[in-house]
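Novice: I need the structure of the sequence given here:
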Amino acid sequence: MKIFSPTPEEKQMIDSLKSEVLASLEKCQRGGGNCIDDIELFEPNYAGFKTGIDNFRKILFEKFKIQANAQKGENRVRVTIGKQNTIEKIDFIRYTDEASKKEIERLFQSKELDNWYSAKVYKYPVKQEFEISIFIEEKR
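Specialist: Next comes the predicted model:
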């Protein structure tokens, strides 16, 4: 998984907020108060499927319609989750045949799979991409 960097404007705001948090924490610690260290809020939060990754897989494999003449093998897709809680882009790294490629495109454009929340860096949505492989195997 790759999280894209915030824009320069977002980075400036994040860095400013981070500086304020650090200064506040240091002041609190010098004063001997009961201090809350929330610096971990600045760590990236990854994008996710709103109903969980297991449900994502379940929907993907229940809805995937394999053509009778589909070639067996790996279909590898890079998916970009945008800043607006949606799939922004689908890139094929590898696919077995045109029919399987079109079916995968249809799936990722469906309402059932467009159910994401964006990655965030200190409350600011950022783009994230991930890769997934969908294998087509012979029925046994």
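
Novice: quick one: stretch 45-53 to chain centroid distance?
Specialist: Distance, stretch centre to chain centre, for stretch 45-53: 7 Å (Cα atoms, centre = their mean, to the nearest Å).

Novice: what of stretch 130-140?
Specialist: Mean-position distance between stretch 130-140 and its chain equals 20 Å (Cα atoms, centre = their mean).

Novice: pLDDT on it, on average?
Specialist: What stretch 130-140 shows for mean pLDDT is 84.

Novice: how about stretch 86-96?
Specialist: Mean predicted lDDT for stretch 86-96 stands at 95.

Novice: may I have it exported as PDB, CA atoms only?
Specialist: Below are the C-alpha coordinates for stretch 86-96, written out as PDB (Å, rounded to 0.1, in the frame of the first residue of the first chain):
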ATOM      1  CA  THR A  86     -14.300   6.800  -3.500                       C
ATOM      2  CA  ILE A  87     -12.300   4.700  -6.000                       C
ATOM      3  CA  GLU A  88     -10.500   7.300  -8.200                       C
ATOM      4  CA  LYS A  89      -8.600   5.100 -10.600                       C
ATOM      5  CA  ILE A  90      -8.100   1.500 -11.600                       C
ATOM      6  CA  ASP A  91      -4.900   0.500 -13.500                       C
ATOM      7  CA  PHE A  92      -4.300  -3.000 -14.800                       C
ATOM      8  CA  ILE A  93      -0.900  -4.300 -14.300                       C
ATOM      9  CA  ARG A  94      -1.700  -7.700 -15.800                       C
ATOM     10  CA  TYR A  95      -4.900  -9.400 -17.000                       C
ATOM     11  CA  THR A  96      -5.700 -12.700 -18.600                       C
END
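
Novice: next one: the closest residue to residue 69 other than its chain neighbours from residue 61, what distance?
Specialist: Nearest residue to residue 69 in three dimensions, chain neighbours excluded: residue 99, at 7.4 Å (Cβ to Cβ, 6 or more residues apart in numbering). Backbone N, C-alpha and C define where each C-beta goes, glycine included. Per Cβ to Cβ, to the nearest Å, residue 99 is found 17 Å from residue 61.
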